[in-house]
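Q: quick one: sequence and predicted model below, then my questions.
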Amino acid sequence: MSDLESLSREELIVLAQRQDAQITLLATQLAELMEKFEQQAAELARLQHLLSRNSGNSSMPPSKDDGPGRATPRKERRAKPSGRAKGKQPGASGTALRWREGDELDDRQDRYPEGTCDCGADLSAAMDLGVSDRYQQHEIPLVSVSV
């Protein structure tokens, strides 16, 4: 025989009331714990999101990538390396602007010193020592509208 069968009706009512009060208390505690759990789960998700940010997936500077707990961004390779350097290859045509000489020139101007030197001597009687400087200038003609 169990202990409950030996109890009177009044004792069973008191026992049921105590159990009902205990169930109500436990249900209240469970609801509070569930609410606290949901808050902590939301906070954990927010912190994991903040830790997952790096310079590759947010506007953070690369200097912040090596912080504690942070995953370094994966560098993605866009193409297979060909073994050649980037940009124009050495020896390819058009690596420099070729000087135009003689008949190729559209205009040639000889320039001689004019005026006076810093010492006050007249430069018109100065001796020509040859070419000391030269340059090419490419002019793009102005475009005008005609109606």
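A: Looks like it arrived, so ask away.
Q: show me the residue at the heart of the chain, geometrically.
A: Closest residue to the average C-alpha location of the chain: S55 at 5.6 Å, with C-alpha atoms, centre = their mean.
Q: and the helices in the chain, which stretches?
A: 9-52 (DSSP state H).
Q: burial measure for N54, as a count.
A: N54 is flanked by 18 other residues according to other C-beta atoms under 10 Å. In short, each C-beta sits where N, CA and C put it, glycine included.
Q: quick check: it touching D65?
A: Yes: N54 is in contact with D65 according to C-beta atoms under 8 Å; the separation is 5.0 Å.
Q: distance between stretch 104-118 and the chain's centre?
A: 52 Å (C-alpha atoms, centre = their mean, to the nearest Å).
Q: show the end-to-end separation of that stretch, please.
A: 37 Å (C-alpha to C-alpha, to the nearest Å).
Q: for stretch 45-59, same thing?
A: This stretch, stretch 45-59, spans 20 Å end to end (C-alpha to C-alpha).
Q: check which residues of that stretch are buried.
A: By neighbour count on 16 or more other C-beta atoms under 10 Å, the buried set for stretch 45-59 is 53-54.
Q: swap in stretch 94-112?
A: Buried residues in stretch 94-112 (16+ other C-beta under 10 Å): none.
Q: with stretch 22-30 instead?
A: So for stretch 22-30, nothing qualifies as buried (16+ other C-beta under 10 Å).
Q: rounded mean pLDDT for it, please.
A: Mean pLDDT, stretch 22-30: 97.
Q: what count of nearby residues applies to the nearest residue to the residue nearest to the centre of the chain once chain neighbours are set aside?
A: Leaving aside its sequence neighbours, S55 sits nearest to P62 (C-beta to C-beta, 6 or more residues apart in numbering; 4.3 Å). Neighbourhood size, P62 [other C-beta under 10 Å]: 11.
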